[in-house]
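Enquirer: heads up, no residue letters with this:
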């Protein structure tokens, strides 16, 4: 060696060196035993044609399963006792096949350890022969429990929603396909319920995405509680859920489940010390194996859900074939609506607000119309619900606000009055709960140079009451800009002046459905009278909407309502005609 010392073998002849090495290593059998007893696996030898006749079992088996090697050797049925019942059939079948064919045995299966744990093993064995005569099986078993657990976690993650732990769309579709096959054999029906939470986006916008997540988790728990063990509830994404029901004899059974789900969600959910009402729109579709594919059934339930949503919050609808055509028309209309802004097909119409006693115009309400190139002039009821669903209402709403403010600024200069002409603009629920609402309004006022006191922003009663706490804060921030605030459609929802006194609003607009009963329905007259009296006591202005007859106008004047709006005085009209009306009316 380089340091000058001698090695024990240095002076030995080659043959002597080899003999010394073999002496130190021991016999071939000893070397083999040392190897198999120290590798991180169980090695074994089994007799041929017998399932559990172990001839040799290495000591590692005790570390793996808690049983000493001797226990395997003395009990011919020991392996069968440890074999997991769920794997027994396939392991025995593979053992028989490989014994017959002489091919290598290679399987992963489960064994039960002495302490009751389930151990996954990879078992690989080859048949040792003497010529054509089989002698014994020689194999290796390795513990793959950790890998199996990791694979199961990855499989679960691939098939389940990470937030709620519910099955995802992929697993739902797989279960739906199998359910349809089973329905064919049993002669039963399968139902899919497609659910979309009402106004979930407002929770995210007005509170936080974390609060929205907590709401979704609670909704998932309530849905689980409504179902049988054999049913499936899945989260498809966002605030969309689906329920799979099997073995149905009648459609009414699924409709009853839809009712149970709706009822379960009507109870307020407490999120960050605030009560959230998580109502849902539900579409139902029914199928059999011969008629339906999973993706078709889910799409039909989706179509029915949109029909339910069109009927208002907290509704359900059952799919009918005619809905398919309506869905196709809806998709076409949605595409047209997305292009309507850039093509300048949307127009702002203006309806005057007047003094009931004199008919003098004091303000204008900005209303949206769509001049569709094929369908003609469309009113809001024909496209605003679709705009709400697709969130197109947000860019449309901001465009209307900017256009109305710009136009009224011009008219104030052309037709001066005291006080100056004001404009009322509706805020959609999605706009109202947008996090940048106040900044957007402030930007429009600055860009159009409209005095804030000339702008009245309207929100519906339902929107105001959806999140009373955040509504108060948002209205306060808007009031800080100097604008006026109105509650629209009063009388159709909560109709609570006790709540309204907490909101910094200036105007109540009585809904036309109540106004139209004036003079004929004593109840409507009493409601309008009480509303006017209490609103004036709170310092609020009252406007009656939808006034159409002499009788209604006279009754409003008698009840002390100062302002009105409706076809009795003026219909909504485009900007050009409105300018001519203002010129004639305000100059007079």
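Expert: Here it is on my side, so go on. No experiment lies behind these values; they were computed from the predicted model shown.
Enquirer: tally of neighbours for residue 41?
Expert: Using other C-beta atoms under 10 Å, residue 41 has 18 neighbouring residues. The way it works is simple: take the backbone N, C-alpha and C, and place the C-beta from them, glycine included.
Enquirer: and the helices in the stretch 51-200 of the chain?
Expert: Taking DSSP state H, counting those that start in this stretch as the criterion, the stretch 51-200 of the chain contains helices spanning 60-65, 69-74, 78-82, 88-101, 145-159, 169-186, 200-206.
Enquirer: would you turn those helices into TSV with mean neighbour count?
Expert: Shown next, in TSV, are the helices of the stretch 51-200 of the chain (neighbours: other C-beta atoms under 10 Å):
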stretch	mean neighbour count
helix 60-65	18
helix 69-74	15
helix 78-82	16
helix 88-101	14
helix 145-159	12
helix 169-186	16
helix 200-206	21
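Enquirer: of all those, which one is nearest residue 364?
Expert: Closest approach to residue 364 among the helices of the stretch 51-200 of the chain is made by helix 200-206 (28.7 Å; C-beta to C-beta).
Enquirer: so what's residue 442 closest to, chain neighbours aside?
Expert: Spatial nearest neighbour of residue 442, chain neighbours left out: residue 481 (5.6 Å); criterion: C-beta to C-beta, 6 or more residues apart in numbering.
Enquirer: the one you found in helix, strand or coil?
Expert: Three-state call for residue 481 (DSSP: H, G, I helix; E, B strand; the rest coil): coil.
Enquirer: and it, what does it touch?
Expert: By C-beta atoms under 8 Å, 6 or more residues apart in numbering, the contact set of residue 481 is 438, 441, 442, 445, 452.
Enquirer: let's see it at 10 Å
Expert: 438, 441, 442, 445, 452, 453, 455, 457 (C-beta atoms under 10 Å, 6 or more residues apart in numbering).
Enquirer: pLDDT of the host helix or strand of residue 424, averaged?
Expert: According to DSSP states H and E, residue 424 maps onto strand 422-426. In this model, strand 422-426 has a mean pLDDT of 95.
Enquirer: elements contacting it?
Expert: Judged by 3 or more C-beta pairs under 10 Å, 6 or more residues apart in numbering; DSSP states H and E, strand 422-426 is in contact with strand 346-355, strand 361-372, helix 393-414, strand 455-460, strand 484-490.
Enquirer: show me what that strand pairs with in its sheet, parallel or antiparallel.
Expert: strand 361-372 (parallel), strand 455-460 (parallel) (DSSP bridges).
Enquirer: and the residue nearest the centre of this protein?
Expert: residue 239 (1.7 Å; C-alpha atoms, centre = their mean).
Enquirer: quick one, phi psi at that residue?
Expert: When quoted as degrees, to the nearest 10, the phi and psi of residue 239 stand at phi -110, psi 20.
Enquirer: what sits against it?
Expert: So residue 239 contacts 195-201, 203-204, 212, 215-216, 219, 278, 280 (C-beta under 10 Å, 6+ apart).
Enquirer: ok, now how distant is it from residue 279?
Expert: As judged by C-beta to C-beta, to the nearest Å, residue 239 and residue 279 stand 11 Å apart.
Enquirer: what residues are shared contacts of those two?
Expert: Contacts common to residue 239 and residue 279, judged by C-beta under 10 Å, 6+ apart, are 197, 198, 199, 200.
Enquirer: re the thing from before, any idea how far the residue nearest to the centre of the chain lies from residue 175?
Expert: 21 Å.
Enquirer: where does the residue lying closest to residue 159 once chain neighbours are set aside land on pLDDT?
Expert: The shortest distance from residue 159 to any non-neighbouring residue, by C-beta to C-beta, 6+ apart, is to residue 171 (4.1 Å). For residue 171, the model assigns a pLDDT of 92.
Enquirer: do the same with residue 499
Expert: 63.
Enquirer: hmm, back to that, just the buried residues from the contacts of residue 239, in PyMOL please.
Expert: Entered in PyMOL, the line below selects the buried ones among the contacts of residue 239, by 16 or more other C-beta atoms under 10 Å:
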select buried, resi 195+196+197+198+199+200+201+203+204+212+215+216+219+278+280
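Enquirer: out of the contacts of residue 239, name the two that are farthest from one another.
Expert: Spatially, the most separated pair among the contacts of residue 239 is 195 and 204, at 17.5 Å (C-beta to C-beta).
Enquirer: quick one on the thing from earlier: comparing the strands paired with strand 422-426, which comes out most buried?
Expert: By mean neighbour count, with neighbours taken as mean count of other C-beta atoms under 10 Å, strand 455-460 ranks first of the strands paired with strand 422-426 at a mean of 24.
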